[in-house]
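*Asks:* The following block contains a protein sequence and its predicted model.
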Amino acid sequence: MPVQGIRTVTAARNGVGAFILQCKRLDFHYCDWAGSSRGMVSFLKNQLTAFAKENPQIEIRVSPRPHKHPVIKGHFINGREKAVCVRNLEPEQIFQKANLLKQNSGEKNKRTKKPVTSINESVRGIWSPYHGGLKGV
Amino acid sequence: MRSSLRLLNLEAPASQRSRNLYVCSVCRHEARPRPFVARQFLRHASDSTPITERVRRKLWGTDNPPGLKDPYGGEGVFERKFKRGQSAPQENEPEAATEAAEDAVSEDSSYEPATTWEGLQRVGHLGTWSDLPPTKADAYTSFSLNRRLTKPVHLSLAAHQTAVELSLLHTLKKPLTNICDVIEHEQPVFKLIRNCKIQPKSSGQWDSAVVYPDKETEEALVYIFEQIGGAQEAAAEVATEVAPETAEDAELAEIEAAEAEDAEFEEEVPTTPSPPFFGYRDVKDKGYLDLSLNDPITKFAFLKRFSQLTGHFFPDPVIHQISSVQHVMKHVLAEQNPKPKKLADFLVADASLQSLPNVKIFAKKQKPSHKDEELGRKKLIDAELRERGLV
Amino acid sequence: MFSRSALARAFALPLEQAARPSLTSTTTTFRACLHQSTATTSTTNPPPAEPLSAIPRAQSSAPIVQQTYNNPTTPAPATRADVPETKQPIAPTFTNPLKVSQSLLSTLPYLTAQKPHYITAHLHDRPYLLTEGDDLRLPFLMPNVAPGDILRFNRASLLGSREFTLKGAPYLDERLFECRVRVLGVDSEPLRVKEKTKRRRRHVQKVTSKHRYTLLRIMEVKVKSVEELQREGVVVEEEKA
């Protein structure tokens, strides 16, 4: 039997049909003893409930990490994870950082010049010199 | 090594040794403060003759060699110094003995303890204090209660009692802290106090805040509290007088039955069989909570009496913050169930957080092994490690 | 004027459409009619501004597309079920119906039928050439949007398929097409450090910046069919002779 190439099926593109948030999990780490965790502890005490209620699609894990600075770690559906150190931050700032991770795409930060990236074929086809208008020389 | 050191007399002189007790030389040398001399000189420590003398004898071949006892011109500087240091405590000892003897003598005759140090040869006890038999002053009795009352009912009973007592003293214009002389009231008196109600006239004033159930009680209580600070016995007498009037045997029996049932107290304090506040379990009114504690004297008196009754201690910052009886109760009750120190405990206790399905709270640090367990590969790893003999 | 490609395709058409005989008769006029901005080329064309340019309401609307329009005829995908009905975006109200020339109406089915479409949508007067499923990273952070929101681009200058292109003068009416995009999230660039120096001063000031961008994904690019337009009450203008 001859070797057959696998036919390409349409690639899954999140958001074209259904949309899943890129951030699937947020880990909140804190230290009970250290002063740099004060804002984090306050955030977890007072604002975590509201934050978790607002984002039911994100799994939230809270676990201590003794003798370390507090960290928020985001796990994304593309398999990557991003960690943000929130030492000595106020609860309000920590909320912003959590939001940042929530909205993030999980991709590595890159500088791009072109606004549009496409995996579609060109709609109008590739230009050919043998077709179309012939120029008189 | 310098010759003066080498020639030092290492042996303790014979006079220093106790004659009747045999002490081996090793112990003797261990006991002595050792100068910085090489250990080798202690080799012949058991001999009484110094090494120089022995050498001399050997040279002359006789036990009694001619010439100077010490060919090096007497004792060296170190030797002399060392000797003086050793002899000094020896001299002191007999002195101390004589002094002790004098003490014994003076105790018999008219001995007057000195109030100042002037004219005294030494200050302090001559013997050791641990040798003396215990005196009355040595026994320690705490001002406050030995145990802390923890039940809210007891605390509010104590607060109510304190409030009634203090407002009574207020109306009688007596010093407030006098009440602390009465450690515990007799049961009838306590019952009278308990039956009183407190209704502060305006903004937590203490004066005449007490509302008596009847005229009889008022007279009795006023009479009792007139005695306080003056004669204690009178109060006790009155208590016994009042007792047959007010005590209801049925009620008492009932209470006693309740006591018997309630084995908690017995276990807690086996030494004091009586439960706090004679087993009463309820406070009749809440008026005492409105009394203000802005007056520092009143506040002090209240806290003193309250801590005497309940065994609770109030730190200074808290005392500063307190401005009413309500605050006192709040502080004491808050002490009963302190806030959890660990954040995990707090979060686990939070019901609204627990009800959310997307929140997980861990009390322990999450390690890679936890991740293995979560992903279901922990057993495989474990089995593989076992197979290779690594676990 | 004819763009070069349009001319080329106009010539190329008969060759391709040998297999599709139904189209042959209309090809030349169709090409011409679609390019309505090229008013000088043919007399059959209606005046450029009238039929296809956006009507006053659309023109007065700001070029930004921040408010999402919920098309009443085709309900938007219900992704934001949590948003109550009263807070759903308001459908645009137009004072007068869409006017379309007879020639456009007759040739529009060819464009509609040829499936992959592209659109040059304008946002803050910047054109983005988009097809369905594309990723669009806006060069700015769009305020007041959350991941999962659906926006509708209502300003486009070009709309086309492989062989046909509808040109706006300068923009197409927003009732002719539907272009929906989904907000995916917020992306950021790596930290930029710009070293600033002054003359004769041994001090280098380092200025840092880290911009954030909104990520969008094109959900659909759709040209409305004639039936849809008629259902919405399109007014057909008679062509001037």
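*Replies:* That came through fine.

*Asks:* tally of neighbours for the residue of the stretch 151-300 of chain B found nearest chain C?
*Replies:* Residue of the stretch 151-300 of chain B nearest chain C, by CB to the nearest CB: residue B:152 (44.9 Å). From N, CA and C alone the C-beta is placed, and that goes for glycine too. Counted by other CB atoms under 10 Å in any protein chain shown, the residues lying close to residue B:152 total 13.

*Asks:* ok, now the one 4 residues further on?
*Replies:* Residues lying near residue B:156 (other CB under 10 Å) number 19.

*Asks:* so what's it up against?
*Replies:* B:283, B:329 (CB atoms under 8 Å, 6 or more residues apart in numbering or on different chains).

*Asks:* quick check, it in a helix?
*Replies:* Yes: applying DSSP: H, G, I helix; E, B strand; the rest coil, one finds residue B:156 inside a helix.

*Asks:* how about the helices in chain A?
*Replies:* Along chain A, the segments classed as helices by DSSP state H run A:38-46, A:48-54, A:91-103.

*Asks:* Make TSV out of those helices and add mean pLDDT, distance to residue B:217 and mean neighbour count.
*Replies:* Listed next are the helices of chain A as TSV, based on pLDDT from 0 to 100; distance: least, CB to CB, whole Å; neighbours: other CB atoms under 10 Å in any protein chain shown:
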stretch	mean pLDDT	distance to residue B:217	mean neighbour count
helix A:38-46	95	51	19
helix A:48-54	94	54	17
helix A:91-103	96	57	18
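
*Asks:* Pull the number of nearby residues for the closest residue to residue B:276 other than its chain neighbours.
*Replies:* Distance criterion CB to CB, 6 or more residues apart in numbering or on different chains; nearest residue to residue B:276, sequence neighbours excluded, is residue B:154 at 5.2 Å. Neighbour count of residue B:154, defined by other CB under 10 Å: 19.

*Asks:* ok, now which ones touch residue B:154?
*Replies:* Residues in contact with residue B:154 (CB under 8 Å, 6+ apart) are B:276, B:277, B:310.

*Asks:* Distance-wise, check the first one relative to residue C:221.
*Replies:* Put plainly, it is residue B:276. Taking CB to CB, to the nearest Å as the measure, residue B:276 falls 83 Å from residue C:221.

*Asks:* Just give me the longest strand of chain A.
*Replies:* Taking DSSP state E as the criterion, chain A has its longest strand at strand A:23-30.

*Asks:* buried sites along that strand?
*Replies:* A:23, A:25, A:26, A:27, A:28, A:29, A:30 (16 or more other CB atoms under 10 Å in any protein chain shown).

*Asks:* Repeat that for stretch B:137-156.
*Replies:* Applying 16+ other CB under 10 Å to stretch B:137-156 flags B:144, B:145, B:148, B:149, B:154, B:155, B:156 as buried.

*Asks:* which of those lies closest to residue B:341?
*Replies:* In terms of CB to CB, no member of those lies closer to residue B:341 than residue B:148, at 20.2 Å.

*Asks:* The closest residue to that closest one other than its chain neighbours and chain C: what is the separation?
*Replies:* Using CB to CB, 6+ apart and skipping residues adjacent in sequence, the residue nearest residue B:148 is residue B:311, 4.3 Å away. Noted for residue B:311: a distance of 56 Å to chain C, by CB to the nearest CB, to the nearest Å.

*Asks:* residues from chain A in reach of chain C?
*Replies:* A:13-16, A:18-19, A:21-22, A:100, A:102-105, A:107, A:109-112, A:115-121, A:123-125, A:131-133 (CB under 8 Å from any CB of the partner chain).
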